[in-house]
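# Please find the sequence and the predicted model below.
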Number of protein chains: 2
Amino acid sequence: MSDTSDHLVKSFDTDLKKLRDMLTEMGGIVEHQVALSAQAIVDRDSAAATEAVAEDPKVDALERDIEQFVIRMLALRQPMASDLRSIVAALKITGDLERIGDYAANVAKRSIVLGQFSFPYSLGGVAHMANLVQEQLKLIIDALGTSDSAKAIEVWRSDRVVDDIYNALFRELITYMMEDPRNITPCTHLLFIAKNLERIGDHATNIAETIYYAVEGEVLPDTRPKGDSSAYAVVRPRE
Amino acid sequence: MSDTSDHLVKSFDTDLKKLRDMLTEMGGIVEHQVALSAQAIVDRDSAAATEAVAEDPKVDALERDIEQFVIRMLALRQPMASDLRSIVAALKITGDLERIGDYAANVAKRSIVLGQFSFPYSLGGVAHMANLVQEQLKLIIDALGTSDSAKAIEVWRSDRVVDDIYNALFRELITYMMEDPRNITPCTHLLFIAKNLERIGDHATNIAETIYYAVEGEVLPDTRPKGDSSAYAVVRPRE
């Protein structure tokens, strides 16, 4: 290998490492946003909510930086094969992370409204969902940092559990609304909070699929373990 | 210009044209999905709903085709500057179109549940929102086909109206729920339908931003005219 091409390969590897570092930094921030928004709901902690919302511009700025960096890498390095796959994957993953940050900020905003209501029911279901989604996110950011396709599959499989909890919660919240009209506003916000958490799980699953593809060069073989059936849910008041 | 490089330029232009055709085909399908799902709600037309849902695998397949085609173009053509921006833009736009298709399918599914309820209120607000979003989508797909950044700005500006209708609708639906518990299930589905339409508008706005960037080489100067304030909405029952 000539000195020049050796230099080019080294600087390409440096760029790839920098790209991965930017992605894991972005992942770390959105993971923190999700943790803060869970805390905001469960502990009625409006300071945590405010902090989760305040992180959002950082996430958006990182997304733009990553996009610019990817375009520069594509232009200067003209990568091939698996390098090219990794770079295109980074572009998709940054989009998913940005959406996760948005959903977390929305959960945090709603938790502030929720704090104005005395709500006589347990928030256990929502808290459980938030914990699971946080765990998914943590695992997938680890998998991203280490290009671990086995861990990516693990996250991909676990999404079914989140969907099941969401479906149960959907019916439960509608039942509370029917019991007392004073529950309608807080439960509506809880419905959207649960939906946002479910969407965060979906985006973690997207990232799992993208990592698998970038590492293995092929798409995941099974059909996706999707299970949000709430679009078809019918709950009627007791007579 | 040598014959070889002339040939390369021509085949690159052919590829760019093919990429744009694939995107406008995908855009046409999701536009049709949104139209069908609007029809499904307003006319209680379950055949239209089924058709909207049935289109979804086509959209997903086109997204995969476009991604593969983009990776091939990046590897074989090693494009620079504005060509590179167009290709990266295509990748982002295909992601937005896929999400729009998903939201339209979800609206269609919920319209089927809605058909099981006699709902004594006008669906005018939802219908109005659906029409506006359809119009946004039509305009943005035109702008995509003609690389028209002025039209992209028009769509970008119009999203504020969709958000305003959504916020009004949110409060209206919660009020109906408080009036009669029998309204809770249909209104919950209508809340999610309205939210999905609002999200479709957001993705049309994303596409507008991406087109503007691809054509002009710079991001839109103003801050985004975002206006979904429903996360903070508080509606209380009348005493």
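Arrived safely, thanks for sending. Numbers count the residues shown, from 1 in each chain, chains lettered A, B, ... in the order given.
# going forward, measure contacts between C-alpha atoms and count neighbours the same way
Fine.
# where's residue A:54 relative to residue B:80, distance?
36 Å (Cα to Cα, to the nearest Å).
# oh sorry, the question was meant for residue A:87
Applying Cα to Cα to residue A:87 and residue B:80 gives a distance of 16 Å.
# Buried ones in the host helix or strand of residue A:190, by neighbour count?
Element membership of residue A:190, judged by DSSP states H and E, is helix A:184-216. Within helix A:184-216, the residues that qualify as buried are A:184-215, counting by 16 or more other Cα atoms under 10 Å in any protein chain shown.
# Per-residue pLDDT of the spatially closest residue to residue A:151 that is not a sequence neighbour, please?
Computed as Cα to Cα, 6 or more residues apart in numbering or on different chains, the closest residue to residue A:151 that is not its neighbour in sequence is residue A:143, at 5.8 Å. Looking at residue A:143, its pLDDT is 95.
# Could you do residue A:48 as well?
pLDDT, residue A:48: 97.
# Which one's more surrounded, residue A:54 and residue B:80?
residue B:80 (17 against 13; other Cα atoms under 10 Å in any protein chain shown).
# Correct me if wrong: that one contacts residue A:72.
No - Residue B:80 is beyond contact range of residue A:72, at 9.4 Å (criterion: Cα atoms under 8 Å).
# and the helix or strand of chain A with the lowest mean pLDDT with helix A:184-216, angle?
Least confident element among the helices and strands of chain A, by mean pLDDT, DSSP states H and E: helix A:3-42 (a mean of 87). Compare the direction of helix A:3-42 with that of helix A:184-216 by axes from the mean of the first three to the mean of the last three Cα atoms, to 10 degrees and you get 160 degrees.
# helices or strands next to helix A:3-42 in the packing?
helix A:46-54, helix A:56-77, helix A:81-114, helix A:124-146 (3 or more Cα pairs under 8 Å, 6 or more residues apart in numbering or on different chains; DSSP states H and E).
# in it, what counts as buried?
Neighbour-count burial for helix A:3-42 flags A:12, A:15-16, A:19-20, A:22-42 (criterion: 16+ other Cα under 10 Å).
# what's the angle between it and helix A:81-114?
Using the same axes, to 10 degrees: helix A:3-42 against helix A:81-114 is 20 degrees.
# what's the angle between helix A:3-42 and helix A:46-54?
150 degrees.
# gap between helix A:3-42 and the chain center?
15 Å (Cα atoms, centre = their mean, to the nearest Å).
# List the buried residues for stretch A:158-178?
So stretch A:158-178, judged by 16+ other Cα under 10 Å, has buried residues A:158-167, A:169-171, A:173-178.
# contacting residues around residue A:212?
A:148, A:149, A:152, A:153, A:218, A:219, A:220 (Cα atoms under 8 Å, 6 or more residues apart in numbering or on different chains).
# just residue A:40 next, same as before
A:46, A:47, A:48, A:49, A:108, A:111, A:112.
# among these, which are within reach of chain B?
By Cα under 8 Å from any Cα of the partner chain, the members of the contacts of residue A:40 lying near chain B are residue A:112.
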